[in-house]
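Asker: Sharing a sequence plus its predicted fold:
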Amino acid sequence: MSEIRIKVMDRKGRERQLSVAVGSTLMEAMKADGLPIAATCGGAKSCATCHVYVNEGYPSLGLPDEDEVDLLSESDHYRDGASRLSCQIELTSALTGLQVELAPQG
Amino acid sequence: MNTDSTIVIVGAGLAGTEAAFALRDGGHEGRIVMIGREAWPPYDRPPLSKSFLKGELPRERLWLRPAKSYTDEQIELQLGAEVVSIDRTQRRVRLATGATLDYGSLLLATGGEARRLTIPGADLDGVCELKSLDDADRLRAGLVEGRSVVIIGGGYVGMEFAATACQAACKVTVLESQDRVLSRSLSATVAQYLQGEYENRGVRILTGASVTRIEGEGRVDAVLLKDGTRLPADVVLVSVGNQASDALARNDGLQVDRGIVVDREGRTNDPHVFAAGDCTVSCFEGFDEPLRLESVQHATSQAKRAAAAMLGQPAGPDEVPWFWSDQFDIKLQMAGLPLPGDAELLRGDPQSGRFSVIYQNAKRITAIQCVNASGDFSAARRMIADRRRFPPALLSNSLVSMRDIRVNSDAIDSVA
């Protein structure tokens, strides 16, 4: 299975490199690495607890759908042009070098 | 050995796991021991009736955390182990093996267990419940095209399983004793909409059904109803609700009332014992009796709040309860708790497959139930938390987004 390398910054400002398999979602890959991501609804697009800021690579992700925008834009921590739900980002080989940051909880 | 700083967590489900990590995150340096009855590492339950059952989600994606997280955070997992009693005077738990473990603080996160039927035949092979990963494995093997599946109880687990079985091309019948499915938690409008959608997809739903007997020799053959109907069945799912697993607490004299009684931060009537998740009941504004909420969000939030209380730290905000359920391609999202007597407002047209039902009383909007209407859900969660009342005509007008209503309307604080 092919893997890509991405960078994730946690809420304490620590950065880590992840080698993740393509085909899974970013949320799943971060959870599998033990990053503190709640993902309460398990990827059903019903919460915003897997919220990330995409600092590098945002345009290559395509646009979030209406449900995702609705959930994100009601968050106190929403940042236009950076906020995404990590459960909606499917990892493909085109996303190598992606850099994300975990948004604050709540 | 000084065990004052040892925290023992009974139960390795979502609440126990969330609490364990929250305790480390909150700076607890002593031992954390989590004891779970099942042999599996802590796992996520919602997919058991949906993607896992369908075979779309591999087993290892159910684990709440990777194995290395427990090692990294020094959280000791004792799996396949059962606590049989608590001695609160000695602050000690006893395991089925006879081993004991002393604690400084104890967290009970024992979850819930499926209610059983006492009718004849309930113990036949092929009669299952769906609570654990092992249950899901057993049921998955039975979901074969053309098989007859009978579901006793039209709650969330029953309905989600019905949808999955229908998608596996089984012949599906749901038996519900009330006059509609999901009657305990959903408005009649939403429940009727869902019932219609199930029927359109070929699921047979019998309401007001009273099951008297399950027939078969060794293995289930048919389900018999009081009115004489005989439903052939290869697989029967009993999904008649859960009850709190509170026997440990009850046996040790902790306060129990259909669940372990806790405050909003997981405190029991013993200052060294806390509880969180489906095993608890607690008070909610506007309700005379304590309520037991069974949801991922409630278990997660209560576990974190209990962890803070155990460490003597201030708890985070008490979230508005919310829930979700995916059935076929229908996304149900609910927030808040409707109070008896609240007005019900319909927003959008059920015929369009996208609508919400909003509950509001003289003081505030209390709850929302959304069908394929995420935008309503997201905005309403905040509106409920803000404890405001909004003009009913505006709430019912689906041409104005809930977000616009939330941001732009001057809330009515009380009825003139």
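Answerer: Right, received. Where do you want to start? Numbering: from 1, shown residues only, chains lettered A, B, ... in the order given.

Asker: What strand or helix carries residue 18?
Answerer: No chain was given, so I picked chain A. Using DSSP states H and E, A:L18 sits within strand A:15-21.

Asker: that's the wrong chain, I meant chain B
Answerer: helix B:14-25.

Asker: again with B:E76
Answerer: strand B:75-79.

Asker: What mean pLDDT does that strand get?
Answerer: Strand B:75-79 shows a mean pLDDT of 98 in the predicted model.

Asker: Mind listing residues that contact it?
Answerer: The contact list for strand B:75-79 (C-beta atoms under 8 Å, 6 or more residues apart in numbering or on different chains) reads B:12, B:20-21, B:24, B:31-36, B:38-42, B:69-70, B:95. Glycine gets a C-beta too; all of them are placed from N, C-alpha and C.

Asker: in its sheet, what does it sit against?
Answerer: Its sheet considered, strand B:75-79 pairs with strand B:32-36 (parallel) by DSSP bridges.

Asker: After the partner strand, which helix or strand is next? Please name it.
Answerer: Next along from strand B:32-36, by DSSP H and E: helix B:51-54.

Asker: sorry, back to before: may I see the buried residues of the helix holding B:E18?
Answerer: Neighbour-count burial for helix B:14-25 flags B:L14, B:A15, B:G16, B:T17, B:E18, B:A19, B:A20, B:F21, B:A22, B:L23, B:R24 (criterion: 16 or more other C-beta atoms under 10 Å in any protein chain shown).

Asker: Now for the chain, the helix or strand with the poorest mean pLDDT.
Answerer: Defaulting to chain A. helix A:66-73 (a mean of 89; mean pLDDT, DSSP states H and E).

Asker: what packs against that one?
Answerer: Helices and strands touching helix A:66-73, by 3 or more C-beta pairs under 8 Å, 6 or more residues apart in numbering or on different chains; DSSP states H and E, are strand A:83-85, helix B:374-385.

Asker: mind running it again at 10 Å?
Answerer: For helix A:66-73, the elements it packs on are strand A:83-85, strand B:330-336, helix B:374-385, helix B:402-408, judged by 3 or more C-beta pairs under 10 Å, 6 or more residues apart in numbering or on different chains; DSSP states H and E.

Asker: Which residues belonging to that helix are considered buried?
Answerer: Buried-residue list, helix A:66-73, by 16+ other C-beta under 10 Å: A:D67, A:E68, A:V69, A:D70, A:L71, A:L72, A:S73.

Asker: And stretch B:71-86, by the same measure?
Answerer: Using 16+ other C-beta under 10 Å as the test for burial, stretch B:71-86 gives B:I75, B:E76, B:L77, B:Q78, B:A81, B:V83, B:I86.

Asker: returning to what we had before: out of the buried residues of helix B:14-25, who's near chain A?
Answerer: Among these, the ones lying near chain A by C-beta under 10 Å from any C-beta of the partner chain are B:L14, B:E18, B:F21, B:A22.

Asker: which one is the second one nearest to, not counting chain neighbours?
Answerer: Nearest-residue entry for B:E18: B:A303, 3.9 Å, with adjacent residues in sequence omitted and distances by C-beta to C-beta, 6 or more residues apart in numbering or on different chains.

Asker: So the one you found: helix, strand or coil?
Answerer: helix (DSSP: H, G, I helix; E, B strand; the rest coil).

Asker: Was I right to think it contacts B:L14?
Answerer: Yes: the criterion here is C-beta atoms under 10 Å, and B:A303 meets it with B:L14 at 7.4 Å.

Asker: Just the buried subset of the contacts of strand B:75-79, please.
Answerer: Applying 16+ other C-beta under 10 Å to the contacts of strand B:75-79, the neighbour count classes B:12, B:20-21, B:24, B:31-36, B:38, B:41-42, B:69-70, B:95 as buried.

Asker: Close to chain B: what parts of chain A are there?
Answerer: Applying C-beta under 10 Å from any C-beta, we find that chain A lies next to chain B at A:24, A:28, A:31-36, A:38-49, A:65-76, A:105-106.

Asker: residues in contact with residue 74?
Answerer: As the question left the chain open, I've gone with chain A. Neighbouring residues of A:E74 by C-beta atoms under 10 Å, 6 or more residues apart in numbering or on different chains: A:48, B:374-375, B:377-383, B:402-403, B:406.

Asker: You answered for a different chain; I wanted chain B.
Answerer: So B:Q74 contacts B:R24, B:E29, B:G30, B:R31, B:I32 (C-beta under 10 Å, 6+ apart).

Asker: mind checking how far the fourth one is from chain A?
Answerer: What it means is B:R31. The gap separating B:R31 from chain A is 20 Å, by C-beta to the nearest C-beta, to the nearest Å.

Asker: Please apply the same query to the third one.
Answerer: When distance is defined by C-beta to the nearest C-beta, B:G30 is 20 Å away from chain A.

Asker: Repeat that for B:L194.
Answerer: 16 Å.

Asker: part of a helix, is that residue?
Answerer: Yes: assessed by three-state DSSP, B:L194 belongs to a helix.

Asker: and B:A309, that one's in a strand?
Answerer: No: assignment of B:A309 by three-state DSSP gives helix, placing it outside any strand.

Asker: how near is it to chain A?
Answerer: From B:A309 over to chain A (counting by C-beta to the nearest C-beta), the distance is 18 Å.

Asker: Give the closest residue to that residue in space, chain neighbours not counted.
Answerer: B:E265 (4.1 Å).

Asker: Likewise for B:V220?
Answerer: Closest to B:V220 by C-beta to C-beta, 6+ apart is B:G126, at 3.8 Å.

Asker: Do I have it right that the one you found meets B:E217?
Answerer: No: between B:G126 and B:E217 there is no contact under C-beta under 10 Å: 11.4 Å.

Asker: higher neighbour count, the two?
Answerer: More crowded of B:G126 and B:E217, by other C-beta atoms under 10 Å in any protein chain shown: B:G126, with 18 against 8.

Asker: list the contacts for the more buried one?
Answerer: Neighbour list for B:G126: B:138-139, B:142, B:214, B:216, B:218-221, B:233-237 [criterion: C-beta under 10 Å, 6+ apart].

Asker: B:I260 versus the residue nearest to the spatial centre of chain A, what's the distance?
Answerer: Geometric centre of chain A, nearest residue: A:S86, 2.8 Å, by C-alpha atoms, centre = their mean. Distance, A:S86 to B:I260, by C-beta to C-beta, to the nearest Å: 34 Å.

Asker: Which pLDDT value does the model give the residue nearest to B:A309?
Answerer: For B:E265, pLDDT reads 95.

Asker: ok now do the residue nearest to B:G218 when sequence neighbours are not counted, which residues does it touch?
Answerer: Leaving aside its sequence neighbours, B:G218 sits nearest to B:D125 (C-beta to C-beta, 6+ apart; 6.0 Å). Counting by C-beta under 10 Å, 6+ apart, B:D125 makes contact with B:R138, B:G216, B:E217, B:G218, B:R219, B:V220.

Asker: Next: B:N361.
Answerer: B:N361 touches B:G286, B:P338, B:L339, B:P340, B:G341, B:D342, B:A343, B:R389, B:V415, counting by C-beta under 10 Å, 6+ apart.

Asker: Fine by me, we can end here.
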